[in-house]
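>>> sequence plus the predicted model coming up.
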Amino acid sequence: MKLVTGIIQPHRLDDVKSALEAAGVRGMTVSEASGYGRQKGHTEVYRGAEYTVDLVPKVRIEVLVEDDDAPVVTGVIVHAAQTGKIGDGKVWTVPVDDVARVRTGEHGATAL
Amino acid sequence: MEWDTGATAWMLVSASLVLLMTPGLAFFYGGMVRAKSVLNMMMMSFGAMGIIGVVYVLWGWSMSYGSDIGGIIGNPFDQFGLSGTIFDESGAAVSSTLGNYPQVVDVAFQVTFAIITTALISGAIADRVKYGSWLVFTGIWVTLAYFPLAHMVWGGGFLSGSEDGLAAKIFGVTDGAATVAPIDFAGGTVVHINAGVAGLVLVLLIGARKGFGKEPMRPHNLPFVMLGAALLWFGWFGFNAGSAFGANETAGLAWVNTTSAAAAAILGWLLTEKIRDGHATSLGAASGVVAGLVAITPAAGALSPVGAIVLGAVAGALCALAVGLKYRFGYDDSLDVVGVHLVGGLVGTIGIGFLATEGGLFYGDGGKLLVIQVVVALAAVIFSGVVTLVIGLAIKATLGWRITEDQEVGGIDLAVHGESAYETLGGGRVIKEVRS
């Protein structure tokens, strides 16, 4: 099993969610995140005092999948989240040892 | 006695409107500080309501409008605890000297001014002072700085148009009053210059917040700031139109001037920002409202509405530039009490000399009123500066002003009030439900 994590532009979330649902993904976890990559931050001015804001708001989307599905899900997220501008985000995959469904206590792939 | 019930009702409404300004100020200031100090900022305003609401009844009214001592103050014991203020010896209600309504209504109106003026100062010293020291300061400052200045300007004292006053010494006396009388309709000197100078003196005495100029100190809640500005604007109708002391054409003129000045000041501030910083900001709009309201305060009854637009636009632009001075000179006037209230108060007080429809330079009446306005403004600056410095030094030497550096970094809300404004994922459990 794999955990696919995507950090995307907040305004792309709806499209990514729809694309994942269309691809047959049945569940996901979405959370607000902040950070920066090559985009860096922006500046804000309050009563003439200029501040840099390093950490930019992003959305983190996490999907647990079987090993073979990971490249597909990654592709779906990349495609749906892409605008082509700096700040589009990243998607990565990490191996997962085990998953348990809390309601039934099932383990492994049946718990996905 | 048959009261003018229209005037009575309007003055009671006005008093209520002005009282609302202080909670409005709490939101205006509270939104501008960081999340870790919003409660303390708001509590400085509420604390001023507590202290001055009591002090005013005990000796504030008497010191402002009681029997005169040397043109400087009223006798605090003359009407201590409002004795003789509401009813005379025969049990009849005492009439106001300003209109045909009961004098106790004047007390209601004036106490709210004393509260908001003192609360204004708190923005200069945000995030860093002991709460007890602030409360003690409010009680002493309102007694030694506000009441005397209110007496001098409005109570027939040294800075009024009385025949013994400063203005009478400059251009002489006609018919028992100064030939050219100073104009402070609703408090340019008494309220805004007074509070602005006090803020500046305290900042210089107390010092900057830790990290000032290095760490970002962004406003944590701009919608609060805009809510506060809206409440202030609404309350200001009582402040200015109420200062007509009647429900009449002067009140109407003051209302219109108040709004046109605030509106023009929004535009003045936003235009300045757009040119200088590239964006017209919400903080700029809220600040422009207040700058315009401050400037029109002394002038609300003396200008034409077009004059009010000119004054407001100038105040908006000048205050937008003035708030940058603290970075140039390195003093941490945290929420720009100097840049908005001192500068705006000076613009309004001195602007009267140019724009007053009777006596103004632009209306072909010469420069005498301008001279008087400048002199009175300077007198208010000096008086407020000296008195505040003495009080500030006394508190520094006794109670001390600053919380510790650790408390400041951790947040004054938790350190001083034992509270936090916003719930975070802190967890925890109930230890004891009620402490008794």
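Noted; the coordinates are in hand. Numbers count the residues shown, from 1 in each chain, chains lettered A, B, ... in the order given.
>>> is it correct that A:Leu64 falls within a strand?
Yes: counting by DSSP: H, G, I helix; E, B strand; the rest coil, A:Leu64 is part of a strand.
>>> neighbours of it, how many?
Residues near A:Leu64, counting by other CB atoms under 10 Å in any protein chain shown, number 19. To be clear about C-beta, it is placed using only N, CA and C from the backbone, and glycine gets the same treatment.
>>> what sits against it?
A:Leu64 makes contact with A:1-4, A:27, A:96, A:99, A:112, according to CB atoms under 8 Å, 6 or more residues apart in numbering or on different chains.
>>> pull out the buried members of those.
A:1-4, A:112 (16 or more other CB atoms under 10 Å in any protein chain shown).
>>> picking up where we left off before, B:Phe27: which of the contacts of A:Leu64 is nearest?
Within these, distances to B:Phe27 taken as CB to CB reach their minimum at A:Gly27, with 42.1 Å.
>>> distance check, that closest one against A:Glu62.
10 Å (CB to CB, to the nearest Å).
>>> repeat that for B:Leu355.
Counting by CB to CB - B:Leu355 and A:Glu62 are separated by 64 Å.
>>> what kind of secondary structure is A:Val30 in?
Going by three-state DSSP: A:Val30 is strand.
>>> specify the beta-bridge partners of it.
A:Ile61 (DSSP bridges).
>>> was I right about it contacting A:Val63?
No: when contacts are counted by CB atoms under 8 Å, A:Val30 is not listed as touching A:Val63 (9.9 Å).
>>> between these two, which one's more packed in?
A:Val63 (26 against 15).
>>> which residues does the more buried one contact?
If you count contacts by CB under 8 Å, 6+ apart, then A:Val63 has A:3-4, A:6, A:20, A:25, A:27-29, A:73, A:77 around it.
>>> quick one: least confident helix or strand in chain B?
One helix or strand of chain B scores below all others by mean pLDDT, DSSP states H and E: helix B:325-329, with a mean of 91.
>>> ok now the helix or strand following it, how far from the chain's centre?
On the C-terminal side of helix B:325-329, the closest following helix or strand by DSSP states H and E is helix B:337. Put simply, helix B:337 sits 10 Å off its chain's centre (CA atoms, centre = their mean, to the nearest Å).
>>> beyond helix B:337, next helix or strand please.
helix B:343-355.
>>> what sits against the closest residue to B:Thr404 other than its chain neighbours?
With sequence-adjacent residues excluded and distances taken as CB to CB, 6 or more residues apart in numbering or on different chains, B:Thr404 is closest to B:Ala415, at 7.9 Å. Neighbouring residues of B:Ala415 by CB under 8 Å, 6+ apart: B:403-404, B:407-408.
>>> out of those residues, which one sits closest to B:Leu222?
B:Glu408 (23.1 Å).
>>> tell me which element that closest one falls in.
Going by DSSP H and E, B:Glu408 is in helix B:405-410.
>>> who touches that helix?
B:36, B:127-128, B:209-210, B:402, B:415-416.
>>> any idea which helix is longest in chain A?
Secondary structure assigned by DSSP state H gives helix A:70-81 as the longest helix of chain A.
>>> next helix or strand past it?
That would be, after helix A:70-81 and using DSSP H and E, strand A:89-95.
>>> what is the neighbour count of B:Gln79?
24.
>>> distance of it from B:Val57?
10 Å.
>>> mind putting the contacts of B:Ala415 into JSON lines with pLDDT, neighbour count and distance to B:Asn248?
Formatted as JSON lines, the contacts of B:Ala415 follow (pLDDT from 0 to 100; neighbours: other CB atoms under 10 Å in any protein chain shown; distance: CB to CB, whole Å):
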{"residue": "B:Ile403", "pLDDT": "97", "neighbour count": "19", "distance to B:Asn248": "49"}
{"residue": "B:Thr404", "pLDDT": "97", "neighbour count": "10", "distance to B:Asn248": "54"}
{"residue": "B:Gln407", "pLDDT": "96", "neighbour count": "15", "distance to B:Asn248": "52"}
{"residue": "B:Glu408", "pLDDT": "96", "neighbour count": "19", "distance to B:Asn248": "50"}
